[in-house]
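**Q** What would the 3D arrangement of this be:
(chains A and B)
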Amino acid sequence: MLDRASTLADEELLALLESRFIPVAIDQAYQRRQKDNEGEFYRKIAGRGPRSDFKATTQGFYIATASGEFVAYNNNRGADRIKKLMQQAVAEHEPSADVAPLPVGERDKRYNPNPPDGGLVVRVRSKVLGGYEPSSDPWRLIMQSALSRDNLWITKGEHEALAAGRLLEPLKIRLARFHLVDSTRGEPSMWKEADLRQLDLRLENGELRGTVHLETASGDRGYQASVFGVIETKGGRVTKFEVAVKGEFWGEGRYARRAPKGKFPLAVAFTLADGKDVADRIPPQGSRGWLGGYLR
Amino acid sequence: MNPLRNVSWWWPAVVVVALAPWAMAQVVDKTPSDAPGTPLGKEECLAILRELSPQPDEPWRTIPWRISLLEAQRDAAKQKKLIFIWAMDGHPLGCT
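**A** So this is what the prediction gives:
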């Protein structure tokens, strides 16, 4: 979140990135664990950096050669610092020798989930609409105005049911548990099934309406909201999935601190992905490590 | 004459006047659908979808990000370039 609006908002840095580097974005929680060529290549690079314990996070910006030689690392969000790192890397490590491309080999299926065949990918965005105390801290301001991104995966059976005008229970539950979350300041805490106090969603004549009440057992985090959306179908396929959720959220997750105090307005939007954005291929955050649990 | 003798008739008026600004703020600060249970309508749904649409010209989105390290390795080998890895907890192009 911070990177997008700070480090990667610097035009000079982006020009350097595009002209002198091959940029790749990964969730290192996958690569540091996966037992395949992709994982091995990542561990070869990151293992030479300061975060070489693969049982813990290795997040940050890395620069490496095509042969897997570690060049530089930094986990700072300041554009100037990263730019300097990049300029130094280019000056000292201009690749010249021929390097063979690595084979993909057999992928570790646990860490290479694909969207369900015959299913749907829906883009999910959320935003806190107010409630923050005024701040002049630029980092806080980025967090306070952030728009989060994630994907909702819908199975073939659920897609077919939607096309026939029915919203299946597993999809209702998945939508609420893993996507009606405040992910605007970092990785969100998902809801447990017991947190679904009320989930009243009805699909009638192509319109999705309802209300939700999600709340932890201790009551320290919750979301009470209304839902409205339009789902259109053609030839047995969903052609439009536009759903909005808005209500009062309270509390914060372990990795998403500094929420507004008390209850604050949070909106979540769902729109059908068209596959044109590379991010459409990214697995849902809620499926991390247990795709079966997410899709059940 | 004791000025508090007729207190019973004027003190409720004082309370109402004192609380009026606070009460008005509660009404003004909340749009109807912020209140739990208030249904969303089509217009508001469209407004939310618009407000939560990412700007297509966000700088970081102009970069041709790969999402596979091996794909990046192949391109780096072919183009004789260094690899820049944006590695986060949660996907940098997704939920972080």
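**Q** C-alpha only now, for contacts and for neighbours.
**A** Fine.
**Q** and the nearest residue to B:P64 once chain neighbours are set aside, bridged to which residues?
**A** In this structure, B:P64 finds its nearest non-sequential neighbour in A:P23, 7.1 Å apart by CA to CA, 6 or more residues apart in numbering or on different chains. Residues in a beta bridge with A:P23, per DSSP bridges, are B:F84.
**Q** ok, A:P23 - contacts?
**A** A:L17, B:I63, B:P64, B:W65, B:R66, B:A72, B:I83, B:F84, B:I85, B:W86 (CA atoms under 8 Å, 6 or more residues apart in numbering or on different chains).
**Q** burial measure for the residue lying closest to A:K192 once chain neighbours are set aside, as a count.
**A** Computed as CA to CA, 6+ apart, the closest residue to A:K192 that is not its neighbour in sequence is A:R177, at 6.7 Å. Residues contacting A:R177 under the criterion other CA atoms under 10 Å in any protein chain shown number 21.
**Q** quick one: A:R177 and A:E193 touch, right?
**A** Yes: the pair A:R177 / A:E193 is scored as a contact, 7.1 Å apart, by CA atoms under 8 Å.
**Q** now stretch A:145-153, how far from the chain's geometric center?
**A** Centre-to-centre, stretch A:145-153 and its host chain are 6 Å apart (CA atoms, centre = their mean, to the nearest Å).
**Q** How about stretch A:243-259?
**A** 15 Å.
**Q** lowest average confidence, helix or strand, in chain B?
**A** helix B:7-29 (a mean of 54; mean pLDDT, DSSP states H and E).
**Q** could you point out which element follows it?
**A** Note on helix B:7-29: by DSSP states H and E, the next helix or strand toward the C-terminus is helix B:42-51.
**Q** The very next helix or strand once past that following helix near chain A at all?
**A** As assigned by DSSP H and E, the chain's next helix or strand after helix B:42-51 is helix B:69-79. Yes: using CA under 8 Å from any CA of the partner chain, helix B:69-79 comes into contact with chain A via B:L69, B:L70, B:A72, B:Q73, B:R74, B:D75, B:A76, B:A77, B:K78.
**Q** Now do the contacts for the spatially closest residue to A:L162 that is not a sequence neighbour.
**A** Counting by CA to CA, 6+ apart, the nearest residue to A:L162 once its immediate chain neighbours are dropped is A:V238, at 7.1 Å. Shown in contact with A:V238 (CA under 8 Å, 6+ apart): A:H159, A:L162, A:A163, A:I231, A:E232.
**Q** how about A:V238, secondary structure?
**A** Here A:V238 is recorded as strand under DSSP: H, G, I helix; E, B strand; the rest coil.
**Q** What distance do you get for it to A:L201?
**A** 18 Å (CA to CA, to the nearest Å).
**Q** again with A:D108
**A** 37 Å.
**Q** residue contacts, A:G60?
**A** A:Y73, A:N74, A:N75, A:N76, B:W86, B:A87, B:M88 are the contacts of A:G60 under CA under 8 Å, 6+ apart.
**Q** Just give the number of residues close to the fifth one.
**A** The number of residues packed near B:W86 is 23, by other CA under 10 Å.
**Q** and the helix or strand of chain A with the lowest mean pLDDT, does that touch chain B?
**A** Least confident helix or strand, chain A: helix A:2-5 with a mean of 78, by mean pLDDT, DSSP H and E. Yes: with CA under 8 Å from any CA as the criterion, chain B is reached by helix A:2-5 at A:R4.
**Q** So, low pLDDT: which residues of the chain?
**A** This is for chain A. Across chain A, the ranges flagged by pLDDT under 70 are A:1.
**Q** The intended chain is chain B.
**A** For chain B (pLDDT under 70), the answer is B:1-37, B:96.
**Q** Repeat the analysis, applying 80 as the threshold.
**A** B:1-38, B:56, B:95-96 (pLDDT under 80).
**Q** State the distance from the residue lying closest to A:A279 once chain neighbours are set aside to A:D27.
**A** Nearest residue to A:A279, sequence neighbours excluded (CA to CA, 6+ apart): B:L93, at 5.8 Å. Distance, B:L93 to A:D27, using CA to CA: 9 Å.
**Q** go on, A:S287?
**A** 13 Å.
**Q** Likewise for A:P116?
**A** 20 Å.
**Q** Looking at these two, which one has more neighbours?
**A** A:D27 (24 against 14).
**Q** and which of the contacts of A:V238 is nearest chain B?
**A** The shortest approach to chain B among the contacts of A:V238 belongs to A:I231, at 12.2 Å (CA to the nearest CA).
**Q** any idea how far the closest one lies from A:D150?
**A** Taking CA to CA, one finds A:I231 at 19 Å from A:D150.
**Q** The two: which has the busier surroundings?
**A** Applying other CA under 10 Å to A:I231 and A:D150 shows that A:D150 carries more neighbours, namely 27 against 21.
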